[in-house]
Structure formats: structure tokens, C-alpha cells
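1. Quick one, what's the 3D model for this:
(one chain, ligands or ions: 1)
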Amino acid sequence: MVRFMHFSDTHIGNRQYYMPEREQDFIDSFKEAISTGLREKVDFFVHSGDLFDVWNPSNRSLTLLRDSMIELKEKGIRVYMVLGDHDRPKRVDYPAAEIFDFLGITVLGKDGFQGMDLEVGGESVFLGGISNMKGIRRDNLPEEYRKASSAAEGKKNSVLISHQGVTGFGLIDEACEIKKEDIPGNFSYLAFGHIHEGATANIGDSLFSYAGSTEICSTNEIPSFLRKGKSVNIVDIKSGEATIAKIPLNSVRVQTSIKADWTDYMQKLEKFLDSVKDKTGQKKPIISIEISGDADRSHVKTDLDSLSSRAIVRKPVFQSMEMHMERRPDLTMIDDYFRAYFKDDDMAALAKKIFDSTQSEDKDQVRRQIRELFDIGDAS
Ligand SMILES: [Mn+2]
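-> Next up, the predicted model:
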């Protein structure tokens, strides 16, 4: 049996909301992922890209990776990875992770499909990689996956590592690099990165998985995080058949986003804090909040400050009535807009007439038109 850990989208160095605490959170979840793999006695690690948050990471980020790689090297455990869109140098340069090749990191498939045979625990595994391809490189992708598929023919245990948006996993098709139909169905396991929410599916005879990010990189990930948390995949391959055990990451900081009215925001906050009080461990949860209605802002600030020992509440977004009104209407729907506002067809028609007659930069002309419309004499 071959056992490895598949993790992804660790985005080391990410400092969400410009908070130093968040940079530490990403470090914590990376370290927890590494120690999870060691505890699970994996033969090797697979990282499917976006290792760092930026292609030219800080010295602190590089040091974290160095220290983790030294720990793995002492145990004879290697890391195989591909480049995510965040890892690829934006000018002529080397990928940051490759600096640590001497400690056992292998970056696969930078320019197209690349494969290798591994021997682990008396078993052979075919390992392939295709890094993220954007722009002009994207057109080559179907061909690169075909190459991967033929290279895997006749291999009993096989793993393909890749970082792309694949259609059918929640991204709009235009944002995807590759169609699901072009993903090979003859690998034991397809280790993918890019979709932070994570997803698992069968593609042909392959077990396909987006391992998901190891921390919350964007508020979009909050609903899926609240549903299933963040995790890494421990993958076992036995006679070519892969199975996944998802191991939760407990260091991930709890986050939520709350929409409330100025009358009930404190109840909603209290209710949330109550619901997570067993889950938050040492870390205060981060709350993003939007408050609608006629809120007294200084009162809100006092209320939110009173929660500071239990939560980090971000600066609230106030959604006042005026802001709703100010939202620019789509001018092709202006009739609907007036009807919705006046709730009266005659008033809406009148408003439309005035609107139409005043589409001019010339103020005197507008005045003249309104007078004409209302049959008002020349009173200047
Ligand atoms: Mn990512």
C-alpha cells in the first residue's frame, strides 16, 4: 500500500484583511498540515499548488518552508508539487519552492506534462504533474492531459498532480482552464488544487479531489468552511484503487459573515458566538458584519467594542437606506425602477417623462423643458 498526504492552496504569507494575526494563522495551518502527514505516517507529500500567496514570498514565508522541509528531510520524506497561479513567477525568475529542491521538494510540470516513477515501501507509483497554465499556455492543456493519460497506461498505481479550474466544480466555465471531459480517467488519484472549497468526484476510473485551501483566503469560503471546515486528504492506494480520509485542520480560525438590521445585530452576534464557543479553541473568531437601517454608528462601535475579548469584529459595513437609493439604476430598466420606487404607474410615467425631457447638460434647456411639461409660465 502507498500512503501520501494531498494538500493544497496553503497560500503561505497571506495576510487577510491586513491583519498580522492572519499571517500567523496561515503559518499555523501549514504546520498543522505537515504534522498531520507525519502523524499519519505518509510515504510522501503531494502539494497541488499555491504553496505561497505570492511568487516572491517574504523571508519569513521562505523560512517556514525551509524549516518544514528540514524536518521532512530528516525523516526521508519528499514533497512533490506543481505550481499554482500564485506560484508562477510574473517575470523571468525561478519558482520560490525550487530553492528547496536540495531538501526534497520536486516541482513538476512547469511547462507541460512531466512524469516520473517512484518506488515507495516496495511499491511503484507513477507520478505526473501539470502546473497551472493561464493565457496562451492554456490552449495546450487538453494535449498535456492526453499525454498524461497515455503515460499512465499500464501503470498500476498512478497519481496526477495539477492546479487548474476544471468545469463542473462551482467556477463559471469562462474562469476554468480545462473541461472535465479532458481530465484523464485512468489515474488512481487526481490531486488537484485551485478550488478552495474543496470537492471530490469520480472521473472515469480516477478518484479526483480538490483538497481545498488550508485556511480561509476569501470571505467567499466562509459558508463552505462553516459547513465542513478545512482539511487535508490522506490518500491510500492499494492495487491501483485510491481512498481518501479527510483529516480536519483544527488551527483554522473560525470566521463568519453576518447580515443584520440595526435592531438585531447584537442578538445575531451573541447567537453566533454561542454556537461556536466550543470550536474556537485559543483563537478569537473573525466576524464580518453588514448592518442595514438607521444605525447610530457610535452606538454600534461601543456595542462591537464590548465583544473584543471574545471576537475580532471587522469594521462594519453600514447599508443605509440612502445607499440603497444611490445604487445606480440600469438605465435600460428605468421604467421598472420608477415603478418600483413610486409603486404607482401614473407617477412612474410622469417621472419617466421628466427624466426623458431632462437628458441635457444645458440647465437652461432643462428648465425650459420642465416649464413646458408642467405648463408653467416664464417665472424667472
Ligand atoms: Mn489558490
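
2. Please list all residues in contact with the residue nearest to Leu373 when sequence neighbours are not counted.
-> In space, and not counting its chain neighbours, Leu373 is closest to Ser357: 5.7 Å by CB to CB, 6 or more residues apart in numbering. C-betas here are computed from N, CA, C, even on glycine. Contacts of Ser357 were listed using CB atoms under 8 Å, 6 or more residues apart in numbering, and they are 366, 369-370, 372-373.

3. Next to the ion, which bits of the protein? Give me the list.
-> Contact residues (CB under 5 Å from the ion) of the chain with the ion: 9, 50.

4. quick one: average pLDDT of the longest helix along the chain?
-> Longest helix of the chain, by residue count under DSSP state H: helix 20-39. The predicted model assigns helix 20-39 a mean pLDDT of 98.

5. Quick check: next helix or strand after it?
-> Going down the chain from helix 20-39, the next helix or strand is strand 44-47, by DSSP states H and E.

6. neighbouring strands for that next one, and are they parallel or not?
-> strand 2-7 (parallel), strand 78-81 (parallel) (DSSP bridges).

7. Could you name the helices and strands sitting against the next helix or strand after it?
-> Per DSSP H and E, the first helix or strand lying C-terminal to strand 44-47 is helix 59-74. In terms of contacts (3 or more CB pairs under 8 Å, 6 or more residues apart in numbering; DSSP states H and E), helix 59-74 is packed against helix 20-39, strand 78-81.

8. Of those, flag the one that's most buried.
-> strand 78-81 (a mean of 24; mean count of other CB atoms under 10 Å).

9. Touching that one from outside, list them.
-> 44-49, 51, 69, 72, 97, 104-108, 127, 129, 161.

10. pLDDT averaged over it - what is it?
-> 98.

11. Just the CA atoms of that strand, as CSV, please.
-> Output of strand 78-81 as CSV, limited to C-alpha atoms (Å, rounded to 0.1, in the frame of the first residue of the first chain):
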residue,chain,number,x,y,z
ARG,A,78,9.8,14.1,0.0
VAL,A,79,7.3,16.6,-1.3
TYR,A,80,6.0,16.6,-4.9
MET,A,81,4.2,19.7,-6.2
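
12. what's the weakest-modelled helix or strand in this protein?
-> helix 321-326 (a mean of 55; mean pLDDT, DSSP states H and E).

13. Would you mind listing the buried residues in the helix or strand following that helix?
-> Scanning forward in sequence from helix 321-326 by DSSP H and E, the next helix or strand is helix 334-342. For helix 334-342, burial by neighbour count (16 or more other CB atoms under 10 Å) applies to 337-339.

14. hmm, back to that, minimum distance to Asp303: which of the strands paired with strand 44-47 has it?
-> Closest approach to Asp303 among these (CB to CB): strand 2-7, 39.2 Å.

15. Quick one: distance of that closest one to the chain centre.
-> Put simply, strand 2-7 sits 22 Å off its chain's centre (CA atoms, centre = their mean, to the nearest Å).

16. tell me the angle it makes with helix 20-39.
-> 170 degrees (axes from the mean of the first three to the mean of the last three CA atoms, to 10 degrees).

17. Give me the below-cutoff pLDDT ranges for the protein.
-> For the chain, applying pLDDT under 70 flags the ranges 280, 321-333, 359-361, 377-380.

18. Nearest residue to Val252 in space, please, no chain neighbours.
-> According to CB to CB, 6+ apart, the nearest residue to Val252 is Lys230 (4.6 Å).

19. do you know how far that neighbour is from the ion?
-> Computed as CB to the ion, to the nearest Å, the Lys230 to the ion distance reads 13 Å.

20. give the contact list for that residue.
-> 29, 212-216, 248-249, 252 are the contacts of Lys230 under CB under 8 Å, 6+ apart.

21. Kindly provide the distance from it to Ala33.
-> Lys230 is 9 Å from Ala33, where distance means CB to CB, to the nearest Å.

22. what residues are shared contacts of these two?
-> 214, 249.

23. Tell me the gap between the helix or strand where Pro223 lies and the middle of its chain.
-> Here Pro223 sits within helix 222-228, counting by DSSP H and E. On the basis of CA atoms, centre = their mean, helix 222-228 sits 12 Å off its chain's mean C-alpha point.

24. Could you point out the helix or strand that follows that helix?
-> Heading C-terminal from helix 222-228 (DSSP H and E), you reach strand 231-238.

25. what angle do that following strand and strand 2-7 make?
-> 160 degrees.

26. helices or strands up against strand 231-238?
-> So strand 231-238, by 3+ CB pairs under 8 Å, 6+ apart, packs with strand 2-7, helix 20-39, strand 189-193, strand 241-248.

27. neighbouring contacts of it?
-> 1-7, 33, 36-37, 40, 42, 46, 125, 157, 159, 188-189, 191, 198, 209, 211-212, 214, 242-249.

28. Any idea which residue is closest to the centre of this protein?
-> Among the residues of the chain, the one closest to the centroid is His196, at 4.1 Å (CA atoms, centre = their mean).

29. Not counting sequence-adjacent ones, nearest residue to that residue?
-> Using CB to CB, 6+ apart, the closest residue to His196 is Ser213 (3.9 Å).
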